[in-house]
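Student: curious how this folds, go ahead:
(one chain, ligands or ions: 1)
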Amino acid sequence: MAKEKICLIINPISGTDSKKNIPEEVAAAFDQRKYDLFIRITGYPDHATEIARKAAKKNYKYVLVAGGDGTVNEVAKSLVHTNTTLGIIPSGSGNGLARELGIPLDTEKAIKIILREHTRTIDYGMANGHIFFCTCGFGFDAFISDRFAEGKKRGPLGYVRNILESVVDFRSEEYEITTDNGTITERAFILTCANASQYGNDAHIAPGASMDDGMMNVSILKPLNAIEVPQTTIQLFTNNIDKNSKMTSLITRNLLIKRSRAGMMHVDGEPVSTGNEIKVETIHKGLKVLAPDNGLRGKKRRESENIFNSLTRWFN
Ligand SMILES: Nc1ncnc2c1ncn2[C@@H]1O[C@H](COP(=O)(O)OP(=O)(O)OP(=O)(O)O)[C@@H](O)[C@H]1O
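Tutor: Okay, the predicted model is just below:
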């Protein structure tokens, strides 16, 4: 019988942990009588997209990615609607998709999940043609993703520094939002379309969002005053932000967002400049991914969460 082909793509600059043992660990995990393993290191942005596209074209069984959400997005968007299944070895700063799917952040445990070969088929979103798997956003989250990309400083402390600096400079905008159920106009601090419940780092902007329901959760957080910031931050990390009085949550398959001028958005944390009209669509069950069968599946985990373990995890 012909051997199956597997590609492992490693982003050498993602996250803060060393990835030097990953090739060896993955090679040792797969039976080389059954599988041919090809290992590729990315050399520049979007390189992972090119590698994964070629692998899918050649009918590789799996493309495994060791990187953060940016790299996972680059790989996964090449695999949608193909026969090739994504595997994730979380190696980023936020690891939103991995966390959402219940994939362990520890490399050895993540490889064990891959070896179980349990496949889930998940939805993805498209914002003006840009594919995302977790979130795309237009307010403060887009502003900080742009700052973060400029700052080049990776890791949780990089996020904290960028967030504190950005909060001072950010100006909220007014949006006209048309969903399957009608149109609203709202000035928002955050406007996020969420296929997954979180941005990454267990920062849950859309508690209850499910990756396989064929729907997009839209979280609109009105501008906050300084007194409201600490409580809102706690709610974000304890999966309770839907209890915030400034939050409006909508569920729709497709939506159209209009703003007064062109500007930034982010897709899975990567900044992209786009026009003043943004069409967001949900594509149902477009990506096959190796994941535990006990992932979030849209259930709220607030019962088991508390702010201390969330923040401790974030800073580790
Ligand atoms: N060799 C390289 N040199 C510079 N940039 C690269 C290289 N390879 C990949 N990249 C880019 O690195 C960027 C950051 O990667 P990624 O998002 O995976 O890590 P992260 O930002 O640390 O994690 P997260 O997104 O989970 O916070 C991606 O946009 C990717 O295109």
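Student: and Pro12, what does it touch?
Tutor: Contact analysis of Pro12 by C-beta atoms under 8 Å, 6 or more residues apart in numbering lists 19, 41-42. In this view, the C-beta of every residue, glycine as well, is placed from N, C-alpha and C.
Student: 6 Å - rerun?
Tutor: Pro12 is in contact with Ile41, counting by C-beta atoms under 6 Å, 6 or more residues apart in numbering.
Student: in what helix or strand does it lie?
Tutor: Counting by DSSP states H and E, no helix or strand carries Pro12.
Student: so where is this protein shaky, pLDDT-wise?
Tutor: 150-159, 161-162, 294-316 (pLDDT under 70).
Student: name the residue of it that lies nearest to the ligand.
Tutor: Closest approach between the chain and the ligand, counting by C-beta to the nearest ligand atom: Gly68, at 1.9 Å.
Student: correct me, but that residue touches Ser14?
Tutor: Yes - in this structure Gly68 lies within contact range of Ser14 using C-beta atoms under 6 Å: 4.2 Å.
Student: quickly find the element holding the nearest residue to the residue of the chain closest to the ligand once chain neighbours are set aside.
Tutor: Excluding the flanking residues, the one nearest Gly68 by C-beta to C-beta, 6 or more residues apart in numbering is Gly92, at 1.7 Å. Following DSSP H and E, there is no helix or strand that holds Gly92.
Student: all helices of the chain, in order?
Tutor: Remark: helices assigned in the chain by DSSP state H are 22-29, 47-57, 69-79, 96-101, 107-116, 140-151, 156-169, 228-237, 307-315.
Student: one step back: need the contact list for the residue nearest to Gly68.
Tutor: Counting by C-beta under 6 Å, 6+ apart, Gly92 touches 14-15, 67-69.
Student: of these, just say which sits nearest to Asp36.
Tutor: The closest of those to Asp36 turns out to be Gly67 (C-beta to C-beta; 21.7 Å).
Student: next, the angle from the strand ranked longest in the chain to helix 69-79.
Tutor: What stands out as the longest strand in the chain, according to DSSP state E, is strand 277-290. With axes from the mean of the first three to the mean of the last three C-alpha atoms, to 10 degrees applied, the angle from strand 277-290 to helix 69-79 works out at 80 degrees.
Student: packing partners for strand 277-290?
Tutor: With contacts defined as 3 or more C-beta pairs under 6 Å, 6 or more residues apart in numbering; DSSP states H and E, the packing partners of strand 277-290 are strand 85-90, strand 119-127, strand 254-259.
Student: which residues touch it?
Tutor: Applying C-beta under 6 Å, 6+ apart, the external contacts of strand 277-290 come out as 76, 80-81, 85-87, 114, 119-128, 193, 214, 216, 253-258.
Student: give the buried residues for stretch 59-66.
Tutor: By 16 or more other C-beta atoms under 10 Å, the buried positions in stretch 59-66 come out as 60-66.
Student: burial measure for Glu24, as a count.
Tutor: A total of 10 residues lie near Glu24 under the criterion other C-beta atoms under 10 Å.
Student: tell me the spacing between it and Leu105.
Tutor: Separation of Glu24 from Leu105 (C-beta to C-beta, to the nearest Å): 19 Å.
Student: wait, Thr85 touches Tyr62, no?
Tutor: Yes - at 5.3 Å, Thr85 counts as touching Tyr62 under the criterion of C-beta under 6 Å.
Student: just to revisit the earlier point, the contacts of Gly92 in strands, which ones?
Tutor: Those of these lying in strands (DSSP E): Gly67.
Student: most neighbours among the contacts of Gly92, which one is it?
Tutor: Counting neighbours by other C-beta under 10 Å, the top entry in the contacts of Gly92 is Asp69, with 29 neighbours.
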